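>>> Make a model of this:
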Amino acid sequence: MPFSVHAVVTKSDLEFDVSSIDFGHCTIYEAVTKSIRLTNHSMLPQEFGFVGLPEVDLSYLNNINSNELLEI
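The predicted structure follows:
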């Protein structure tokens, strides 16, 4: 039984709106936050994650759809 397969292969094309994040001067007794934007320019959803973070639940932030912009 002959058959053919058609596929579209894409590369990961995630883009941050900044190249680095400066939290400025802060002490261990305060929380400092900065917002960043992550955009998925590819045709398919992409998984992403952050390493070296304290034990916090970021499981809701692990997938970004095609052409979606997340403000984190």
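
>>> C-alpha only now, for contacts and for neighbours.
Fine.

>>> Please name the nearest non-neighbouring residue to the most centrally placed residue in the chain.
What sits nearest the mean C-alpha location of the chain, by Cα atoms, centre = their mean, is residue 48, with 4.6 Å. In space, not counting the residues next to it along the chain, residue 48 is nearest to residue 62; the distance is 5.1 Å by Cα to Cα, 6 or more residues apart in numbering.

>>> residue contacts, the one you found?
47-49 (Cα atoms under 8 Å, 6 or more residues apart in numbering).

>>> that older thread, shouldn't the residue nearest to the centre of the chain be in contact with residue 65?
No: at 11.0 Å, residue 48 does not count as touching residue 65 under the criterion of Cα atoms under 8 Å.

>>> buried sites along stretch 19-33?
Buried residues in stretch 19-33, counted by 16 or more other Cα atoms under 10 Å: none are found.

>>> okay, how far is it across it, tip to tip?
Using Cα to Cα, to the nearest Å, the end-to-end distance of stretch 19-33 comes to 16 Å.
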